[in-house]
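# coordinates only, sequence not included:
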């Protein structure tokens, strides 16, 4: 029962470096999301995807890019890491219709520090 | 104004107390409503969905008032294990992408 799997769990980056956070789900969900959570704050939506080949910006997309080449995978790329991107990142997925259920499933989070 | 706003915390209560969390949302096209629980350094997990008629799950009761755009969560007979951050979550209408919008969370600490 894998659910949503994201890697790496922890990473320290230097300013200006780039990296990709990987996310995969095995529930055949159409919708996938990337959120970030800063200390003491709620989750803010970075990007989301309603299906393979379709991505849209969320509230805080600047500094990030995503792709959705398959239903299962939704990687998040940081091109030029900045200290402001130090945060916890959560990938999530859900069904696309109310009839199919509303539960959103989260990965365990990726702790990213930019120094 | 944030789209979803919650009571600022933290709430510090003794075991056995009843505690209520409030949440308001600004987008009237919001379609679905939830309470999520998040333990320290963990991912959020669904506590319960919130229905217009109100719903109960053991010691937890959720209420929704669409006219006032207000959601609440009541925890009765609180346990030490209830200590966590509670997130109010609103799902936009699918015509607006069906996105989930999270409140900032209200921290609950239940003391012996």
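All right, it came through fine. Keep in mind the model is a prediction, meaning the values are calculated, not measured.
# in chain B, what helix or strand scores lowest on average pLDDT?
strand B:100-102 (a mean of 86; mean pLDDT, DSSP states H and E).
# so what strands line up beside that strand?
In the sheet, strand B:100-102 lines up against strand B:84-92 (antiparallel) (DSSP bridges).
# can you count the residues close to residue A:80?
11 (other C-beta atoms under 10 Å in any protein chain shown). For glycine as for every other residue, the C-beta is placed from the backbone atoms N, C-alpha and C.
# how close does it sit to residue A:13?
10 Å (C-beta to C-beta, to the nearest Å).
# neighbours around the closest residue in space to residue A:28 that isn't next to it in sequence, how many?
Spatial nearest neighbour of residue A:28, excluding adjacent residues (C-beta to C-beta, 6 or more residues apart in numbering or on different chains): residue A:71 at 6.4 Å. Residues near residue A:71, counting by other C-beta under 10 Å, number 19.
# pLDDT score for residue A:71?
Looking at residue A:71, its pLDDT reads 96.
# swap in residue A:115?
95.
# count the neighbours of it for me.
9.
# now swap in residue B:68 and tell me
8.
# give the contact list for it.
Residue B:68 sits next to residue B:24 when contact means C-beta atoms under 8 Å, 6 or more residues apart in numbering or on different chains.
# and it, how far is that from residue B:21?
Taking C-beta to C-beta, one finds residue B:68 at 15 Å from residue B:21.
# next one: residue A:12
35 Å.
# those two: which is more packed in?
residue B:21 (22 against 12).
# SS state for that one?
Assigned with DSSP: H, G, I helix; E, B strand; the rest coil, residue B:21 falls in the strand class.
# name the nearest residue to it, ignoring sequence neighbours.
residue B:73 (4.5 Å).
# with residue A:58 instead?
Leaving aside its chain neighbours, residue A:58 sits nearest to residue A:45 (3.0 Å; criterion: C-beta to C-beta, 6+ apart).
# list the contacts for that neighbour?
A:33-35, A:58-60, B:99-101.
# surely residue B:81 is within a helix?
Yes - the assignment for residue B:81 is a helix, going by three-state DSSP.
# what is the neighbour count of the closest residue in space to it that isn't next to it in sequence?
Distances taken as C-beta to C-beta, 6+ apart put residue B:110 closest to residue B:81, at 7.9 Å, once the chain neighbours are dropped. Residue B:110 has 20 neighbouring residues, counting by other C-beta under 10 Å.
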